[in-house]
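All I have is the shape, not the residue letters:
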């Protein structure tokens, strides 16, 4: 048994960080967080988690901002790859959205225009699995996810921007950080566990 009754009480002040303003565009490095299950279609390794109440499955990503006003700040997001609701293509809607997001990430990391269908571009979109995302640096547009079920608001990935978009920041270029007016009174940044918490989106359930 570990008795902590006599452990010293910390007098350090509780640090609070405001959220990264919604609409911020930055360069960010990806870390794929370990999960509980493997989905062979997406490569070897247990990179995914599964809902206990639906077919929803997702992977969790950590983003660390590189350079600019928010250098070294982190935010987290999920990419869903399965769910109950079917999409127009005949596969789960969650998977449709997840594949679109994965393609955006690969194109952003490789500075590929989505319309570039050259053999070289197609080869770069061909990865061995989601573990290849580890260490990739993308141009990220940051948003804010509303908290629910007792969790506070948190940052999220709104989009991985590609070279055909006007806000795209190329590799190695110092970002010009934008602070939207709506962010002047931003809520408090929560730690990773809370940022990753909350309910599964309705489109991933049914």
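That came through, no problem. What you are looking at is a predicted structure, and each value in this text was computed from that prediction instead of being measured.

Look up which helix or strand residue 80 falls in, please.
Assigned by DSSP states H and E, residue 80 belongs to strand 74-82.

any chance you could map the strands in the chain?
17-18, 25-32, 49-50, 57-66, 74-82, 137-145, 154-161, 188-189 (DSSP state E).

Give the buried residues for the second one.
When neighbours are counted by 16 or more other CB atoms under 10 Å, the buried residues of strand 25-32 are found to be 25, 26, 27, 28, 29, 30, 32. All C-beta spots, glycine's among them, are computed from the backbone N, C-alpha and C.

ditto for the fourth one
For strand 57-66, burial by neighbour count (16+ other CB under 10 Å) applies to 57, 58, 59, 60, 61, 62, 63, 65, 66.

The second one: what's it in contact with?
Going back to what we said before, that points to residue 58. 48, 49, 78, 79, 80, 81, 94, 98, 200, 204 (CB atoms under 8 Å, 6 or more residues apart in numbering).

closest to residue 167 among those?
Residue 167 has its nearest neighbour among the contacts of residue 58 in residue 79, at 21.3 Å by CB to CB.

was I right about that closest one contacting residue 98?
Yes. Between residue 79 and residue 98 there is a contact at 4.9 Å, judged by CB atoms under 8 Å.

now for the longest helix seen in the chain, which elements pack on it?
Of all the segments assigned as helix in the chain under DSSP state H, the longest by residue count is helix 93-109. Applying 3 or more CB pairs under 8 Å, 6 or more residues apart in numbering; DSSP states H and E, one finds that helix 93-109 contacts strand 74-82, strand 137-145, strand 154-161, helix 202-205.

Tell me which strands the third one pairs with, and in which orientation.
If I follow you right, that is strand 154-161. strand 137-145 (antiparallel) (DSSP bridges).

okay, residue 41: pLDDT?
Per-residue pLDDT puts residue 41 at 95.

Can you list the low-confidence ranges for this structure?
Applying pLDDT under 70 to the chain flags the ranges 14-16, 174-206.

Give me the most central residue, the protein.
residue 77 (3.2 Å; CA atoms, centre = their mean).

Might you calculate how far the longest helix of the chain sits from the centre of the chain?
11 Å (CA atoms, centre = their mean, to the nearest Å).

what does stretch 91-98 give?
Relative to its chain's centre, stretch 91-98 lies at 16 Å (CA atoms, centre = their mean).

And for it, what's in contact with it?
55-56, 58, 79-89, 201, 203-204.

next one: stretch 120-133
So stretch 120-133 is contacted by 30, 32, 42-45, 47, 59, 61, 102-103, 105-107, 110, 112-113 (CB under 8 Å, 6+ apart).
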